[in-house]
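Provided below for reference: sequence and predicted model.
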Amino acid sequence: MSYLRFDRTLMINLEESLTREILRTNKSGAYHCTTVVDCNTRKYHGLLVIPVPNIDDENHVLLSSLDETVIQHGAEFNLGLHKYQGNNFSPKGHKYIREFDCEKIPVTTYRVGGVILTKEKIFVHHENRILIRYTLVEAHSATTLRFRPFLAFRSVRQYTNENPTASREYQGVENGIKTCMYAGYPELFMQFNKKNEFHFMPDWYRGIEYPKEQERGYDFREDLYVPGYFEVDIKKGESIVFSAGISETSPRQLKRMFDEAVADRTPRDSFFHCLKNSAHQFHNKQEGEHYILAGYPWFKCRARDLFVSLPGLTLAIDETEEFESIMATAQKAIYDYIAEQPSEYKIYEMDDPDVLLWAVWALQQYAKETNRENCRTKYGQLLEDIMDFFRKRKHNNLFLHENGLLYTNGTDKPVTWMNSTANGRPVIPRTGYIVEINALWYNAMRFIADLFREHNEPLARSLDAQAEVTGVSFVEVFRNEFGYLLDYVDGNMMDWSVRPNMIFAVALDYSPLDRAQKKQVLDIITKELLTPKGIRSLSPKSGGYNPNYVGPQIQRDYAYHQGTAWPWLMGFYLEAYLRIYKMSGISFVERQLIGFEEEITAHCIGTISELFDGNPPFKGRGAISFAMNVAEILRILKLLSKFN
């Protein structure tokens, strides 16, 4: 029994199948994303979506979709599916689907009368090329396949519409054609491993709609250009491979290329393997540098997300070399930032006040998974330089006060992961002494002091003395008489909202709280913030609770951190739980993970959505695959394995 398999009953029910998406990437920024029935429901969906650096810093949809038609005895059966105005779907090819399996690669099985046809899709790693293999499993008479490509040639942020400037020109290449709709774009090569006929019949398919964009309050309609169609005969038992890429390939190599790509994939036959496969999707190697994308389909590499997700996406699946490769790029970006130099590295938001503290935390996880001496040798100088940067007050929005706490101004611009804005202002203006920033600061000092204790005693003593002052102030400033921690404090302004950010003072290796204080914090979070899909960003008992991330942009911005549940926070919550309850907490942790295993087949299959509504039924929202979420669940699975 396949772990990711959907039968005919689900596939032909569009209310069920259109909510399930698939994502495949090439680990270099390009991706393929659509629904399990191959009907695009977002402007970000496409068969071949790639970066085009000479145009901008966005991804671009070149090939939106490829409609297949089975022809027998002159009768045509179109397997495509598009949504048009008035909830009209055409040509309703989903009714021929008998099964969809995505254990290793996406495989769709169609049945048209006596014809059984399978379609398998795979993205070639580190190359802007998608391959599709069609196999005629059963047929009782001569069969022809027709392929009609739908072209967009536009940014994922925009739409294309019928226009006279789009080029209709094309040139023949071996077993296919190449074409380019607009200047500045690369040519798109569409080839088969078998000779075929291309019929030039240019036309625009008008008014194709994307319901997910409509739900989000955006424009949702566009026109797609179809230059014509390919026709090729196929025999029972025969496989035909289609290639779409930005360079010409040898048709004779396509079958071998497909087989090699399949052999390189991690089977998604368990919860862990799904998450491991998903972890690989976030890697982005470009121009010799190695990044982690924050999520799909619209996020870039964000500094905080990179450091938070780095241990889970690499160390938790025993890929230490990948950690080191990504950190090599991140380290160069950190030094550019510290030196106040323009950076050529594509890591955004490096100036956020908590980012370098998260970098220290990521290196702390590296020290735990390898060994401390290795970490000190490899990253000791970086850690010293980061600490020096803070202690000499060089950060332009993070100030070390005499009480040992770090102060930041967050009134005009968001400074933490709770970064939603409305009308140019933070929805949650967290400012002053922020609880997780100072928990990370205390943890960083203690960790680096221990790391250098035998090699730089003066530094260790200095950091220990500083941490003592910070620890006392932390408890005095943040802890209230109800046993939980204030979210932020700015002079007489104190935020009494019950938020999840206090969990870091319990989960981190070094904490200024004693065990009883930690347990009080954990209990409050358990009672008010815990859901099956993550930790709420705000308690239902606090003012402004807004748990449903729905509606147009402004409505979603106000709900983003006002009660929605975040899976990545569950990682730190469960780590904190194990710190308090140790072996006796294992069964509780295992039960909490069940909620995420259910998600593997519910939204973007094989991965975890960005956030969830804070109230039942806890529906997945936002980006369809989010790096920090996948990373933290993987990290907890690794932590659990150490108890066994």
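Nice, thanks for sending it over.

Return the residues in contact with Thr109.
Ile97, Arg98, Glu99, Phe100, Asp101, Ile116, Leu117, Thr118, Val137 (C-beta atoms under 8 Å, 6 or more residues apart in numbering). No exception for glycine: its C-beta is placed from N, CA and C like everyone else's.

Where does the second one fall, secondary structure wise?
Following DSSP states H and E, one finds Arg98 within strand 97-101.

Phi first, then psi, for Glu444.
For the record, residue 444 is Ala, not Glu. phi -60, psi -40 (degrees, to the nearest 10).

and the closest residue to it other than its chain neighbours, how far is that from Phe307?
The shortest distance from Ala444 to any non-neighbouring residue, by C-beta to C-beta, 6 or more residues apart in numbering, is to Val360 (4.3 Å). Separation of Val360 from Phe307 (C-beta to C-beta, to the nearest Å): 9 Å.

Please apply the same query to Thr531.
Separation of Thr531 from Phe307 (C-beta to C-beta): 25 Å.

Between these two, tell me which one has more neighbours.
It is Phe307, of Thr531 and Phe307, that has more neighbours when counted by other C-beta atoms under 10 Å, with 27 against 22.

give the contact list for the closest residue to the more buried one other than its chain neighbours.
Leaving out its chain neighbours, the residue that sits closest to Phe307 by C-beta to C-beta, 6+ apart is Trp358, at 3.9 Å. By C-beta under 8 Å, 6+ apart, Trp358 lies in contact with Ala303, Arg304, Phe307, Val308, Leu440.

likewise Tyr218?
Lys43, Gln553.

and what of Asn629?
Asn629 neighbours (C-beta under 8 Å, 6+ apart): Gly534, Trp566, Pro567, Trp568, Ile608, Ser609, Glu610.

Among those residues, which lie within strands?
When the contacts of Asn629 are checked against strands (DSSP state E), the matches are Gly534, Trp566.

which one of the contacts of Asn629 sits closest to Tyr577?
Gly534 (14.1 Å; C-beta to C-beta).

The closest one reaches Phe612, doesn't it?
Yes. Contact criterion C-beta atoms under 8 Å: Gly534 and Phe612 qualify, at 5.8 Å.

overlap in contacts of the two?
Residues touching both Gly534 and Phe612 (C-beta under 8 Å, 6+ apart) are Ala565, Trp566, Pro567.

Just give me the neighbour total for the nearest residue to Ile535 once chain neighbours are set aside.
Using C-beta to C-beta, 6+ apart and skipping the chain neighbours, the partner closest in space to Ile535 is Leu569 (3.8 Å). Around Leu569 there are 25 other residues, counting by other C-beta under 10 Å.

Same check on Asp7?
Other residues within reach of Asp7, judged by other C-beta under 10 Å, total 12.

what residues are up against the closest residue to it other than its chain neighbours?
Spatial nearest neighbour of Asp7, excluding adjacent residues (C-beta to C-beta, 6+ apart): Glu99 at 5.9 Å. Applying C-beta under 8 Å, 6+ apart to Glu99 gives the contacts Arg5, Phe6, Asp7, Arg8, Met11, Thr108, Thr109.

now Leu611
Per C-beta under 8 Å, 6+ apart, neighbours of Leu611: Gly534, Tyr549, Tyr560, Thr564, Ala565, Trp566, Pro567, Gly620, Arg621, Gly622, Phe626.

Do you know the pLDDT at it?
Note for Leu611: predicted pLDDT of 95.

The chain should start at 56 in everything you say after this.
Noted, 56 is the first residue going forward, which turns the last one into Leu666.

Report the beta-bridge partner residues of it.
Going by DSSP bridges, Leu666 is paired in beta bridges with Arg676.

do the same with Thr234
Here Thr234, judged by DSSP bridges, has bridge partners Tyr225, Leu243.

any idea which helix or strand carries the nearest residue to Tyr151 once chain neighbours are set aside?
Leaving aside its chain neighbours, Tyr151 sits nearest to Tyr165 (4.6 Å; criterion: C-beta to C-beta, 6+ apart). If you go by DSSP H and E, Tyr165 is part of strand 162-167.

residues touching Pro587, list them.
So Pro587 contacts Gln647, Ile649, Gly650, Phe673 (C-beta under 8 Å, 6+ apart).

ok so, going back, list the pairing partners of the strand holding Arg153 within its sheet, with orientation.
Applying DSSP bridges, one finds strand 152-156 paired with strand 60-62 (antiparallel), strand 162-167 (antiparallel).

Now tell me what touches the helix or strand where Arg359 lies from outside.
For Arg359, the host element (DSSP H and E) is helix 358-368. Helix 358-368 is contacted by residues 334, 337-338, 346-347, 349-350, 354, 377-378, 381-382, 385, 388, 402-405, 407, 409-410, 413-414, 416-417, 420-421, 424, 472, 623, 626, 682-683, 685-690, 693 when judged by C-beta under 8 Å, 6+ apart.

Can you list the neighbours in contact with the host helix or strand of Glu131?
Element membership of Glu131 [criterion: DSSP H and E] is strand 130-133. Outside strand 130-133, the residues that touch it by C-beta under 8 Å, 6+ apart are Asp122, Glu123, Thr124, Val125, Ile126, Pro146, Gly148, Tyr151, Val167, Gly168, Val170, Arg201.

In this protein, where's the longest helix?
Criterion DSSP state H: the longest helix present in the chain is helix 512-533.

I'd like to know which elements that one is packed against.
Helix 512-533 sits against helix 427-446, helix 490-507, with contacts defined as 3 or more C-beta pairs under 8 Å, 6 or more residues apart in numbering; DSSP states H and E.

could those go into TSV alongside mean pLDDT and distance to Met549?
Shown next, in TSV, are those (pLDDT from 0 to 100; distance: least, C-beta to C-beta, whole Å):
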stretch	mean pLDDT	distance to Met549
helix 427-446	94	24
helix 490-507	97	11
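
deepest of these, which one?
Mean neighbour count (mean count of other C-beta atoms under 10 Å) peaks for helix 490-507 among the helices and strands packed on helix 512-533, with a mean of 24.

tell me the angle it makes with helix 427-446.
130 degrees (axes from the mean of the first three to the mean of the last three C-alpha atoms, to 10 degrees).

gap between the helix or strand following the longest helix of the chain and the chain center?
Where DSSP H and E defines the elements, the next helix or strand beyond helix 512-533 is strand 543-545. Relative to its parent chain, strand 543-545 has a centroid offset of 32 Å by C-alpha atoms, centre = their mean, to the nearest Å.

Show the average pLDDT along strand 543-545.
On average, strand 543-545 scores 96.

and the next helix or strand after that strand, which strands flank it?
Going down the chain from strand 543-545, the next helix or strand is strand 548-549, by DSSP H and E. Strand pairing for strand 548-549, determined by DSSP bridges: strand 543-545 (antiparallel).

so how far is the lowest-mean-pLDDT helix or strand in the chain off the chain centroid?
Ranked by mean pLDDT, DSSP states H and E, the weakest helix or strand in the chain is strand 476-477, scoring a mean of 88. Averaged C-alpha coordinates place strand 476-477 at 22 Å from its chain's average position (C-alpha atoms, centre = their mean).
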